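**Q** Only the shape, not the letters, is given here:
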């Protein structure tokens with residue numbers, strides 16, 4: 001679709017919305033809007049001074065002894081992200097970790113990939129991460145970096161990402177949009193307090209994506225409903241539910257040629273292995289959360305929360321992988337799990353329908369404050385139950401032909417095999433109790449001490465449902481921190497915490513293929529400062545060190561040549577800097593920088609030590625500036641810069657992909673038509689159309705290279721009905 005057709009589409013959608021406005025019922029008065037009973041959100045210039053995903057209990061951003069970044073709704077609207085990878089580009093501590101286009105995506109925090117079972121959360125309750133993350137019903141995104149065992153239980157040590165839903169308020173907006181490839185986007189946001197005690201908010205989105213990668217156009221439908229009910233003078237019930245369907249062909253990543261050479265003529269727009277018979281990846285997801293809060297008195301509050309998240313993936317792909325059947329590799333002279341030196345690669349027909357991931361969580365907690373002599377206490381304690389199941393069918397993964405990255409892909413015949421019956425592959429149950437006391441003493445000191453006692457019972461089965469292992473364990477995860485209020489605007493802190501994460505599955509090409517390794521115990525120490533430079537500008541710095549047992553494929557004399565082991569330590573030492581808020585009345589800044597040293601120690605394999613680990617750049621930066629013209633406040637301009645240092649692409653550290661700088665830009669214009677506010681938003685990502693490798697991550701023990709997106713412009717219009 002050319003630019004003129006996109007403009008015509010935008011205009012026609014606006015005209016279609018006119019009759020809708022005429023049918024709207026007059027809204028309830030503003031004084032019917034209710035405020036939260038608990039201090040979990042503060043709206044305004046600082047959209048979230050507190051966070052739901054806060055391992056250290058109640059407290060403002062400055063009083064939280066951890067690195068916490070909040071991506072506000074205003075920032076999301078300005079950058080117009082459509083995926084988890086695009087969203088997290090706003091934080092330098094977060095990077096892609098096998099984030100394929102057209103598929104559910106994973107990211108890493110502080111160099112550790114999120115566990116998709118526990119690392120993504122919705123209203124601080126577990127979210128099945130194997131889904132496309134919708135943002136239309138999200139008010140803010142909270143990125144808690146580092147160990148969060150007290151908040152999330154068993155999880156990867158890098159941190160968690162929590163999506164906080166929009167609450168009912170008086171709003172009635174229609175957004176329509178397109179992009180430089182001709183995509184079509186429509187979103188609706190309608191909210192009301194129907195009575196002084198009951199409010200609703202409805203969000204919906206319909207999207208037809210014209211992807212920058214050939215043959216990967218897709219579509220998405222999303223619906224979400226939020227309800228708040230004030231029950232009496234002290235109770236509040238918050239309900240949220242959403243449902244989404246999506247379908248899009250997924251794009252395979254490149255691999256190194258011969259295991260040691262970057263593809264010289266890689267294309268960001270080519271779909272490797274394309275076969276016309278290959279079907280899109282279809283994902284259906286549904287998420288529900290419910291939270292009841294009761295204010296016993298001004299000092300004590302209790303809550304009960306329940307979350308249910310389910311995602312069903314019909315995985316279909318003509319998958320580009322390795323060169324086992326290519327001429328250059330068939331005799332074993334070249335490594336088969338990479339592309340061939342001449343660019344040949346094998347194509348597989350992969351089908352795994354009805355891949356179902358289901359998370360359920362129930363939490364009860366009590367928060368309150370009291371004094372004991374000269375000490376003040378803010379106490380949080382509670383209990384948590386969590387269950388995750390994975391049901392999968394026996395998949396089809398059959399070789400169908402060999403292609404070359406520099407040539408048109410031949411059409412091969414698909415496999416004649418069909419997927420087998422479904423079986424319960426994983427049943428994970430976790431129970432825990434947790435407690436935290438924030439103790440204030442003197443005029444400038446706070447000591448936080450607490451922890452979580454977690455119990456795990458996990459059963460893993462093979463593709464036929466026959467038990468392969470059962471893991472049971474109990475572990476206490478302590479957490480403590482000391483905060484010094486140096487001045488009313490400056491806090492310094494030191495913290496220590498421990499965590500527990502599940503062991504990875506051994507790759508198929510190792511001697512212990514498909515075996516799950518034992519859980520991993522991790523430790524983190526962190527010191528930092530937080531400075532409120534002005535009432536509207538926050539500055540932060542954190543220095544941390546995380547240790548966890550190293551998991552890797554160790555070369556040995558087994559028949560496979562490798563065994564997947566836990567040996568030695570994976571040590572990440574880093575410095576994070578953040579600046580968020582108003583530099584001037586017209587200029588807003590969101591900036592972060594990360595320096596990260598990731599090393600393997602005492603692994604028993606010299607080749608993987610002494611250098612940066614794979615897919616962890618030593619430096620990242622992200623800067624976003626938004627400037628409103630003083631002489632014409634209807635106009636705003638923004639500019640962004642994203643940087644990553646060279647990135648290791650091989651386990652022995654011999655090869656790195658080059659560093660990159662990517663620049664973004666945008667503008668916003670506000671006006672009124674017939675008394676209704678209009679917001680016109682244009683954003684351009686990768687303004688200079690730079691080619692770069694954004695991801696050198698791994699999946700199933702194999703390494704892939706994903707190019708960054710080329711230049712993309714998005715245009716949207718939001719109309720207050």
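**A** Now that the structure is in, tell me what you want to look at. Being a predicted model, the structure only gives us computed values, none of them experimental.

**Q** Now do the same contact list for residue 63.
**A** 446, 483, 491 (Cβ atoms under 8 Å, 6 or more residues apart in numbering). (C-beta placed from N, C-alpha, C; glycine too.)

**Q** Can you tell me which of the residues you listed lies closest to residue 85?
**A** residue 491 (32.7 Å; Cβ to Cβ).

**Q** Quickly note the distance from that closest one to residue 481.
**A** 11 Å (Cβ to Cβ, to the nearest Å).

**Q** same check, this time on residue 395
**A** 46 Å.

**Q** out of these two, which sits in the busier spot?
**A** residue 481 (24 against 16; other Cβ atoms under 10 Å).

**Q** Please determine how far the more buried one is located from residue 367.
**A** In this view, residue 481 and residue 367 are 17 Å apart by Cβ to Cβ.

**Q** Which single strand of this structure contains the most residues?
**A** Identified as the longest strand of the chain according to DSSP state E is strand 344-372.

**Q** Could you list every helix and strand that that strand packs against?
**A** For strand 344-372, the contact count by 3 or more Cβ pairs under 8 Å, 6 or more residues apart in numbering; DSSP states H and E identifies strand 125-126, strand 300-321, strand 375-393, strand 396-404, strand 422-441 as packing neighbours.

**Q** which of those sits most buried?
**A** Across these, averaging neighbours per residue (mean count of other Cβ atoms under 10 Å) puts strand 125-126 on top, at a mean of 28.

**Q** Paired strands for that one, with orientation please.
**A** strand 120-122 (antiparallel) (DSSP bridges).

**Q** which residues touch the partner strand?
**A** With Cβ under 8 Å, 6+ apart, strand 120-122 has contacts from 53, 114, 127, 129, 133, 152, 160-163, 165, 240, 287, 289, 307, 309.

**Q** And the helices and strands packed on strand 344-372: which comes nearest residue 496?
**A** Nearest to residue 496, of the helices and strands packed on strand 344-372 and by Cβ to Cβ, is strand 422-441 at 13.6 Å.

**Q** could you say which helix or strand contains residue 155?
**A** Under the criterion of DSSP states H and E, residue 155 resides outside all helices and strands.

**Q** That one: how many residues sit nearby?
**A** 25.

**Q** Before we move on, what's the pLDDT of it?
**A** Predicted confidence (pLDDT) for residue 155: 90.

**Q** quick one: it from residue 239, how far?
**A** 26 Å.

**Q** Mind listing the residues bridging to residue 498?
**A** residue 523.

**Q** how close does residue 287 sit to residue 294?
**A** Taken as Cβ to Cβ, the span from residue 287 to residue 294 is 24 Å.

**Q** contacting residues for residue 76?
**A** Residue 76 neighbours (Cβ under 8 Å, 6+ apart): 87, 135, 138, 141.

**Q** ugh, typo on my part, it should be residue 577
**A** Going by Cβ under 8 Å, 6+ apart, the list of residues near residue 577 reads 540-541, 591-594.

**Q** For those residues, pick the one with the most neighbours.
**A** Most surrounded of the contacts of residue 577: other Cβ under 10 Å gives residue 594, at 28 neighbours.

**Q** and the gap between it and residue 297?
**A** 43 Å.

**Q** what residue ranges in the stretch 201-350 of the chain are flagged as low confidence?
**A** Low-confidence segments of the stretch 201-350 of the chain (pLDDT under 70): none present.

**Q** need the strands for the stretch 451-600 of the chain, in chain order.
**A** Taking DSSP state E, counting those that start in this stretch, the strands of the stretch 451-600 of the chain run over residues 467-487, 490-501, 520-534, 537-555, 562-582, 587-601.

**Q** Figure out which of those is closest to residue 667.
**A** strand 587-601 (14.4 Å).

**Q** buried stuff in the closest one?
**A** 588-596, 598-600 (16 or more other Cβ atoms under 10 Å).

**Q** Just put those in TSV and tack on distance to residue 667 and pLDDT.
**A** Converted to TSV, the buried residues of strand 587-601 look like this (distance: Cβ to Cβ, whole Å; pLDDT from 0 to 100):
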residue	distance to residue 667	pLDDT
588	14	97
589	17	97
590	17	97
591	20	97
592	23	97
593	26	98
594	29	98
595	32	98
596	34	98
598	38	97
599	44	97
600	46	96
